[in-house]
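Engineer: Got a predicted structure plus its sequence, pasted below:
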Amino acid sequence: MGLFSNNNNIDKLFLEAVSKSDSERVISIIKSAITNNISIPIEKRTETGITPLIYAINANNLEIFKLIFQYANDHKKKVLGLNLKNHCGDYPLLYATSINNLEIFNMVINYANNRNIILNLNDKNNNGEYPLLYAARNDNFEMVNSIINYANEKNIILTIDEKGRNGDFPFLYTAKYNNIKMFKCILKYVYQNNIRINISNNSKNNSNMIICAIKNNNTEMVKSIFDYAFQYNIDAMANNIQDNYLFILAIKSNNPKIVKLVINFAIKFKFPLNKNICNTINNPILLAIEHNNIKIINSILQYTIRNNENFNCHPLLWAVSNNKDINIIKTILNYLNKYDKSNGIDGQNDDGDYPFLKAIENNNFQIVKYFIKCAQRNNIIISINRKNKNGNYPLLQAINNNNIRIVKLIMKYSIQNNIMMNINEKKLNDDISPNRNEILKLLYNYEKIKKIHIHTKNPSNNKNEIDKNIPYSEYENSQINNCNNINQKSITENEFSKTKELIENKSNSNTNISNRKDKDKEKEKEKEKENEIEIKIEMEDENINFQDIPSASQASYTNNLHVPQQLPSTQSKSSLSSSQFSNNYSLASSPTLIPEQAPSISSQSNTYNYYNYSIP
């Protein structure tokens, strides 16, 4: 009998050949069986429940699988058991989907249809896997579509959200693989059969449908999921509460439409979006600023307006510190000026930094200028003397940056708003650049109108010296500093003058001050010099360079400053004491005194106005 000594041996030989995926031997056995009119028990199972058909599918051997089907159709009246399972709960259709072989899968479906076999589509194996889950896991749309069509034809309600061993389910895989076609196919089936799926269910790696859709930046899928959740009253954010995960994820997608969808869904379900997580990694508004996305920023601002909430993370400071686009800064500032002024231009963080100071630190003239205009437009007084924890403040920073344009802006602003500025700085860096000299000239001119008191850290440096003699006592300095309100309110010239008078009276009453002249002698001197003022010009001083004296145009921040075209020829060697200055201007070591109007040679007028200037 050729290969077979008896009929009992044929099933053993056939199973062995199929299990080894030996196609030639399987063909030889089938031919010998047909020639000798011997029936091959193709439906017979092993002790573990494995049939030849399962062996062929598991080996992914299409040729052997076709031979078995052909033999069954041509030489076997008995129908193949397509729903028979092995000891692990696997069956032919499940194997076909697990190996992702569409041709074998279609042959099983077609054979079942031809033989009127109702396939078990929802039966799970021991690991909880089922055909639709395998098909979706393999991202095989044709297979998923065929299963759904077969289920519709046979009126089978498919298992859609049953989890496998990894905690995954078919609908989740559609979002995970960003397969919108497969997603719509399953979603349509779900709607048609009124199936409620908990789309917020997380897999073992804490992923769910909405998370996957947002990560894939798929606006259409995100919208469809939220629409489905809203229709079936499913809280899609239920498992995403910690650290605003969905909100943060949406912002990181840098997709304004997705951000709006998340916000709108949160509003519908009254889900609070915590905007005030104060770290740059998980703070919504700071992330939006980092991505330079003004549309997302606007959406977040609108949400805060709707919920009547404020920020505690200083978004404007963050934007300015990172030199973000001017339009982003304008958008944030406009919102803050209207709804949250405490976080505006002067809003300080824990280190004492604030937007106006940071803009100066970054040498961003455009932003500094805009802040000043915005403050004027909104009747806001900028705290230009406010210091951070490092003792830094606007004017000092601008000087150390050698930024003449910003120094001029600050000076102009202080004059316009009657704000007294003080600079008694050990923190001025050493610099001998032309820019620094020009800035110092501005400071000298500015000092004339008593808006600033200047001391330097290096009294021996004649080039950069501003006031090495320090004209005020500790008491006087404390009183002047007290004039500048803690809240940085403006101070008028009259208020400052009154304060100076009090200081002068206090100083004059202090008998312990050395080198104080007798009051009677001072009165006699004043009478003697009432109609005569001597002018001393140290022409021999080699440090004096008249080209360094600022012109009238350079002294744009002084009042009634006139620079003479020529110096008086008479009285060139006369002297002038500091006591003659009723306004107590600060005298430098080698002052050059410039008359407001040069006298004629005849000296018909013997009274002049002076201002004190120290050559840098």
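Structural biologist: On my side now, so go ahead.

Engineer: Do a quick rundown of the strands in this protein.
Structural biologist: Assigned by DSSP state E, the strands in the chain fall at 421-424, 452-455, 591-595, 610-614.

Engineer: what mean pLDDT would you report for the first one?
Structural biologist: Averaged across strand 421-424, the pLDDT comes to 68.

Engineer: cool, the last one as well?
Structural biologist: The average pLDDT for strand 610-614 rounds to 29.

Engineer: Ok, stretch 302-314 next?
Structural biologist: pLDDT averaged over stretch 302-314 gives 82.

Engineer: From start to finish, how long is it in a straight line?
Structural biologist: 17 Å (CA to CA, to the nearest Å).

Engineer: In that stretch, which residues have enough neighbours to count as buried?
Structural biologist: 303, 304, 309, 311, 312, 313, 314 (16 or more other CB atoms under 10 Å). Heads up, the C-betas are built off the backbone N, CA and C, glycines and all.

Engineer: likewise stretch 374-394?
Structural biologist: Residues of stretch 374-394 classed as buried: 374-375, 380-386, 388, 392-394 (neighbour count, 16+ other CB under 10 Å).

Engineer: and which of the residues you listed is nearest residue 127?
Structural biologist: residue 388 (61.2 Å; CB to CB).

Engineer: What is the neighbour count of the closest residue to the closest one other than its chain neighbours?
Structural biologist: Leaving aside its sequence neighbours, residue 388 sits nearest to residue 352 (CB to CB, 6 or more residues apart in numbering; 3.4 Å). Look at residue 352: counted by other CB atoms under 10 Å, it has 15 neighbours.

Engineer: so what's residue 352 up against?
Structural biologist: Residues in contact with residue 352, defined by CB atoms under 8 Å, 6 or more residues apart in numbering, are 386, 387, 388, 389, 390.

Engineer: Next one: it, what pLDDT does it get?
Structural biologist: pLDDT at residue 352 comes out at 93.

Engineer: Over to residue 489?
Structural biologist: Looking at residue 489, its pLDDT is 37.

Engineer: one step back: find the pair from the buried residues of stretch 374-394 with maximum spatial separation.
Structural biologist: Farthest pair in those, by CB to CB: 374 and 392, 22.2 Å.

Engineer: that older thread, would TSV of the buried residues of stretch 374-394 with pLDDT and distance to residue 411 be doable?
Structural biologist: Below are the buried residues of stretch 374-394 laid out as TSV (pLDDT from 0 to 100; distance: CB to CB, whole Å):
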residue	pLDDT	distance to residue 411
374	92	19
375	92	15
380	89	19
381	92	16
382	92	13
383	89	16
384	91	10
385	90	13
386	91	17
388	92	21
392	91	18
393	92	14
394	93	11
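
Engineer: Show me which of the residues you listed is closest to residue 125.
Structural biologist: Closest to residue 125, out of all of the buried residues of stretch 374-394 and judged by CB to CB, is residue 388, at 66.0 Å.

Engineer: wait, isn't the closest one in contact with residue 358?
Structural biologist: No: checked against CB atoms under 8 Å, the pair residue 388 and residue 358 is beyond contact range at 9.4 Å.

Engineer: hang on, residue 161 packs against residue 169?
Structural biologist: Yes: under the criterion of CB under 8 Å, residue 161 makes contact with residue 169 at 4.7 Å.

Engineer: Which of the two has more residues huddled nearby?
Structural biologist: residue 169 (26 against 16).

Engineer: contacting residues for the closest residue to residue 367 other than its chain neighbours?
Structural biologist: Spatial nearest neighbour of residue 367, chain neighbours left out: residue 359 (4.1 Å); criterion: CB to CB, 6+ apart. By CB under 8 Å, 6+ apart, the residues touching residue 359 are 320, 367, 368, 371.

Engineer: PyMOL command for the buried members of these?
Structural biologist: Of these, the buried ones can be selected in PyMOL as follows, counting by 16+ other CB under 10 Å:
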select buried, resi 320+367+368+371
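
Engineer: quick one: which two of the contacts of residue 359 are the most distant?
Structural biologist: 320 and 368 (9.7 Å).

Engineer: How many residues are close by residue 167?
Structural biologist: The number of residues near residue 167, taken as other CB under 10 Å, comes to 16.

Engineer: surely it meets residue 203?
Structural biologist: Yes: between residue 167 and residue 203 there is a contact under CB under 8 Å: 3.9 Å.

Engineer: tell me, what's touching residue 161 and residue 169 both at once?
Structural biologist: residue 201.

Engineer: hmm, who's touching stretch 148-156?
Structural biologist: Contacts of stretch 148-156 (CB under 8 Å, 6+ apart): 109, 118, 119, 121, 122, 132, 157, 158, 185, 186, 189.

Engineer: among the residues you listed, which are in helices?
Structural biologist: Among those, the members falling in helices (DSSP state H) are 109, 132, 185, 186, 189.

Engineer: got the buried residues for stretch 326-346?
Structural biologist: 328-329, 331-333, 335-337, 340, 343-346.

Engineer: which among the residues you listed gets closest to residue 89?
Structural biologist: residue 328 (58.4 Å).

Engineer: separation between that closest one and residue 334?
Structural biologist: Residue 328 sits 11 Å away from residue 334, going by CB to CB, to the nearest Å.

Engineer: now what about stretch 91-101, what contacts it?
Structural biologist: Contacts for stretch 91-101 (CB under 8 Å, 6+ apart): 53-54, 57-58, 60, 62, 82-85, 90, 104-105, 108-109, 119-121, 123, 125, 129-132, 134-135, 138, 140, 143.

Engineer: swap in stretch 61-74?
Structural biologist: By CB under 8 Å, 6+ apart, the residues outside stretch 61-74 that reach it are 18, 21, 23, 26-27, 30, 40, 42, 52-53, 56-57, 78-80, 101, 103-104, 107, 111.

Engineer: Next: stretch 197-211.
Structural biologist: 160-161, 163, 166-169, 171-172, 175-176, 190, 222, 225-226, 228-229, 234-240, 245-246, 249.

Engineer: follow-up on the earlier one: between the ones in helices among the contacts of stretch 148-156, which is nearest residue 267?
Structural biologist: residue 186 (27.8 Å).

Engineer: Thank you, goodbye.
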